[in-house]
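Model the structure of this input:
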Amino acid sequence: MLSCPDHGCLLEPEGTVRIGHLLGAPTPARPAPEPVAAVDRLTWEALTIGAVTLPARPVHLGVWLRLLRTLIDEVSISTSRLRVTSARMLDQIWEASGYPPRGGITVWRP
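Prediction:
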């Protein structure tokens, strides 16, 4: 999760918050982009209730987490491992997102 489902603010790295606190300059809350907040609200629902309510039907927590993992794997794959059409489509997805290809990941690591 990247945001607080209650407040809609992005979560900040612990070190950043700690340094801000020590310097007497608390880290200002940054609102999460709506798509991030929406996925985080669903994930929070799955974690607290054991299922997430999707438009078609409720989905078990384990299935939801597998769906997220699969999505992350699909968008972070190197385009060199894809056919030309799939690579072009993935490039278009990253371009539309406004983020660099693979979210800036240059070397794969778990």
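
Tell me how many other residues crowd the spatially closest residue to P100 that is not a sequence neighbour.
Nearest residue to P100 in three dimensions, chain neighbours excluded: W94, at 7.0 Å (CB to CB, 6 or more residues apart in numbering). From N, CA and C alone the C-beta is placed, and that goes for glycine too. Around W94 there are 15 other residues, counting by other CB atoms under 10 Å.

isn't W94 right next to R102, touching?
Yes - assessed by CB atoms under 8 Å, W94 is found in contact with R102 at 7.4 Å.

what comes up buried for the helix or strand that contains the residue nearest to P100?
Here W94, judged by DSSP states H and E, is contained in helix 84-97. Across helix 84-97, burial judged by 16 or more other CB atoms under 10 Å covers A87, L90.

what's that helix packed up against?
Here helix 84-97 touches helix 61-75, going by 3 or more CB pairs under 8 Å, 6 or more residues apart in numbering; DSSP states H and E.

Give me the contact list for the helix it packs on.
Applying CB atoms under 8 Å, 6 or more residues apart in numbering, the contact partners of helix 61-75 are 39, 42-43, 46-47, 50-52, 59, 90, 93-94, 102-103.

What about the residues you listed, which are in helices?
Among the contacts of helix 61-75, the members found in helices (DSSP state H) are V39, L42, T43, A46, L47, L90, I93, W94.

Quick check: the two most widely separated of those residues?
Largest separation among the ones in helices among the contacts of helix 61-75 by CB to CB: L47 and L90, giving 28.9 Å.

wouldn't V52 be in contact with R41 here?
No - contact criterion CB under 8 Å: V52 and R41 do not qualify, at 9.3 Å.
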